[in-house]
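In: Give me a 3D structure for the following:
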Amino acid sequence: PPRLDDRQARLVSIEGAPPDLVAPPIGCPFAPRCGSVTDQCRHELPELVAIAEGRSVACWHPNSL
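Out: Alright, predicted model coming up:
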């Protein structure tokens with residue numbers, strides 16, 4: 001996770017706006033803003049999966065991040 005005391009790590013933002021929390025989209029909430037989006041992303045919500053000690057990801061294509 002990002003740390004406030006680590007000045008060398010730069011956060012990279014993604015274009016677009018966050019999803020509407022009142023009417024959340026079907027599928028992954030990042031699908032409209034993701035460069036690796038597929039039909040699966042648009043229709044199915046990925047589950048949170050541990051990828052390392054203390055790190056988890058909810059993405060159908062975590063290797064493309």
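
In: Neighbours of Cys34, how many?
Out: Counted with other C-beta atoms under 10 Å, the neighbours of Cys34 add up to 19. All C-beta spots, glycine's among them, are computed from the backbone N, C-alpha and C.

In: Now do it, the pLDDT please.
Out: Confidence at Cys34, expressed as pLDDT, is 91.

In: Over to the one 10 residues further on?
Out: On the pLDDT scale, Glu44 is placed at 97.

In: Test my guess that it contacts Val37.
Out: No: with the criterion set as C-beta atoms under 8 Å, Glu44 and Val37 do not qualify as a contacting pair; they are 12.0 Å apart.

In: Out of the two, name the residue with the larger neighbour count.
Out: The neighbour count for Glu44 versus Val37, taken as other C-beta under 10 Å, is higher for Val37 (17 against 14).

In: Relative to Cys28, how far out is that one?
Out: Using C-beta to C-beta, to the nearest Å, Val37 is found at 8 Å from Cys28.

In: Please identify every residue contacting each of Glu44 and Val37.
Out: Cys28 (C-beta atoms under 8 Å, 6 or more residues apart in numbering).

In: tally of neighbours for Pro29?
Out: Neighbours of Pro29 (other C-beta under 10 Å): 17.

In: ok, it - contacts?
Out: Going by C-beta under 8 Å, 6+ apart, Pro29 touches Pro18, Pro19.
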